[in-house]
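Engineer: Sequence first, then the predicted structure:
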Amino acid sequence: MKEESSSTPFYHGTKADLSPGDHITPGYRSNYGQRREAKYVYFTATLDAAICGAELAQGTGPESIYLVEATGPYEDDPNLTDKKFPGNPTQSYRTAHPLKVVGKVELWQGHSPEQLQTMKEHLQRLKEQGIEAIEE
């Protein structure tokens, strides 16, 4: 478990409309799989992973990437690190505590339409196989 104090900037990609001072909390429906209530909030130290999160998020709002601070302990995201990317090169994390929104990334470039389609097709194949992208 890592502690909440860190000088590393963290990002959260979503289609939710948030403002500095807002908190992103567990308990909302997951963006992936069967969209069960999420026990954790997911975040990353890489802008590319946050872009993926924003592009693949459910909802109708604009794709947004927020700068966030952890308010409690967090851990490596086992959905990625143990299964797809040993060693956590994506610097992806999860926490059962709220994330505090401290800013918004205004300028970022999304993936190409082809890359985005490939990501969506991969998630669809997992869904058809009954594999949850996020298992907890």
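Structural biologist: Happy to help now that I have it.
Engineer: ok, which stretches of this protein are helices?
Structural biologist: Ranges of helices in the chain, per DSSP state H, are 47-56, 78-81, 113-128.
Engineer: Any chance of those in a markdown table with mean pLDDT as columns?
Structural biologist: Written out in a markdown table, the entries for those read as follows (pLDDT from 0 to 100):
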| stretch | mean pLDDT |
| --- | --- |
| helix 47-56 | 90 |
| helix 78-81 | 70 |
| helix 113-128 | 78 |
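Engineer: just for the protein, where's the confidence low?
Structural biologist: Within the chain, the segments meeting pLDDT under 70 span 1-7, 29-36, 80-86, 126-136.
Engineer: residue boundaries of the strands in it?
Structural biologist: Taking DSSP state E as the criterion, the chain contains strands spanning 10-14, 23-24, 41-44, 64-70, 75-76, 92-95, 99-105.
Engineer: So which of those is nearest Gln115?
Structural biologist: The closest of the strands of the chain to Gln115 is strand 10-14. By C-beta to C-beta, the value is 14.8 Å. Every residue, glycine included, has its C-beta placed from N, CA and C.
Engineer: CA atoms of the closest one as PDB?
Structural biologist: Taking only C-alpha atoms (Å, rounded to 0.1, in the frame of the first residue of the first chain), the coordinates of strand 10-14 have been written out as PDB:
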ATOM      1  CA  PHE A  10      -1.900  11.900 -10.900                       C
ATOM      2  CA  TYR A  11      -4.600  11.900 -13.500                       C
ATOM      3  CA  HIS A  12      -8.100  10.700 -13.800                       C
ATOM      4  CA  GLY A  13      -9.800  10.400 -17.300                       C
ATOM      5  CA  THR A  14     -13.600  10.500 -17.400                       C
END
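Engineer: circling back to that earlier point, for the strands of the chain, give me a markdown table that also has distance to Gln117.
Structural biologist: Written out in a markdown table, the entries for those read as follows (distance: least, C-beta to C-beta, whole Å):
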| stretch | distance to Gln117 |
| --- | --- |
| strand 10-14 | 18 |
| strand 23-24 | 27 |
| strand 41-44 | 22 |
| strand 64-70 | 20 |
| strand 75-76 | 29 |
| strand 92-95 | 22 |
| strand 99-105 | 23 |
